[in-house]
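Student: Structure for the following, please:
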Amino acid sequence: MPEDMIELKDKNVEKRAEFNTAMKEAMKAKDEIALSTIRLIIAALKDRDINARGLGNSEGISESEILSMLQSMIKQREESAKTYTDANRQDLADRELAEIAIIRRFLPKQMDEAEVKAAIDQVLAEMNVTDIREMGKVMATIKDRYAGQMDMGKVSGMVKQRLAG
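Tutor: Reported below is the predicted structural model:
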């Protein structure tokens, strides 16, 4: 097995172990919100692993896919929190916000806007892309390289703006 594949596998195992350790800590602390949130993360991960194995990937999903999954979980909760706030259900909105804080613990440090712009510029230069028709390739590279470190929805708009202008 190539060395970079071994490194990816190790990171993938580390992230999974991190979830299990956090679940045990939440159990010991009797933190019901953290425990239920981490169980949801593990269940979503197992579901995606099963799908990946069905497609021939015996290792399950990669670390970048795990980070992408966590980003999606945060986005879902942000939308739910807004809906609950709009419906004057602050108790439910607060729970969603608490879950977001727990999920964020498993993500790498988020890049600020200047770092995101620099990363986009670097990828565009490396790939020598100037046409918006190649935006999919650019986004795939950014998503793979910086998974979990930036909001891909915002990045998509920034890349589109760069390639259009």
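
Student: Okay, now the unreliable bits of the protein?
Tutor: Counting by pLDDT under 70, the chain shows low-confidence ranges at 1-12, 165.

Student: what's the domain layout of it?
Tutor: Residue ranges for the domains of the chain, per automatic domain parsing: 3-104, 113-164.

Student: Check the offset of the first one from the chain's centre.
Tutor: For domain 3-104, the separation from the chain centroid amounts to 9 Å (computed by Cα atoms, centre = their mean, to the nearest Å).

Student: Please apply the same query to the last one.
Tutor: The gap between the average C-alpha position of domain 113-164 and the chain average comes to 16 Å, counting by Cα atoms, centre = their mean.

Student: Stretch 95-112 too?
Tutor: Here stretch 95-112 is found 10 Å from its chain centre; the criterion is Cα atoms, centre = their mean.

Student: Output it as CSV, nothing but the C-alphas.
Tutor: Output in CSV follows, covering the C-alpha atoms of stretch 95-112 (Å, rounded to 0.1, in the frame of the first residue of the first chain):
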residue,chain,number,x,y,z
ARG,A,95,-30.8,22.8,21.3
GLU,A,96,-29.8,23.0,17.6
LEU,A,97,-27.2,25.6,18.4
ALA,A,98,-25.8,23.4,21.2
GLU,A,99,-25.6,20.5,18.7
ILE,A,100,-23.7,22.8,16.3
ALA,A,101,-21.1,23.6,18.9
ILE,A,102,-20.6,19.9,19.6
ILE,A,103,-20.2,19.0,16.0
ARG,A,104,-17.7,21.9,15.4
ARG,A,105,-15.4,20.3,18.0
PHE,A,106,-14.6,17.7,15.4
LEU,A,107,-13.8,20.1,12.6
PRO,A,108,-10.4,21.7,12.0
LYS,A,109,-10.0,25.4,12.6
GLN,A,110,-12.1,27.3,10.1
MET,A,111,-10.3,29.5,7.6
ASP,A,112,-11.0,33.2,7.6
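
Student: Name the next helix or strand downstream of the helix or strand harbouring residue 70, please.
Tutor: In this assignment (DSSP states H and E), residue 70 forms part of helix 63-86. Using DSSP H and E, the helix or strand that follows helix 63-86 towards the C-terminus is helix 90-104.

Student: mind putting the domains of the chain in CSV, mean neighbour count included?
Tutor: For every residue, glycine as well, the C-beta is placed using N, CA and C. Listed next are these as CSV, based on neighbours: other Cβ atoms under 10 Å:
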stretch, mean neighbour count
domain 3-104, 15
domain 113-164, 15
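
Student: Give me the contacts around the helix holding residue 70.
Tutor: Contact partners of helix 63-86, identified using Cβ atoms under 8 Å, 6 or more residues apart in numbering, comprise 8, 11-12, 15, 40-41, 44-45, 48, 52, 61, 90, 92-93, 96-97, 99-100, 103-104, 106-108, 143-144, 147-149, 151-153.
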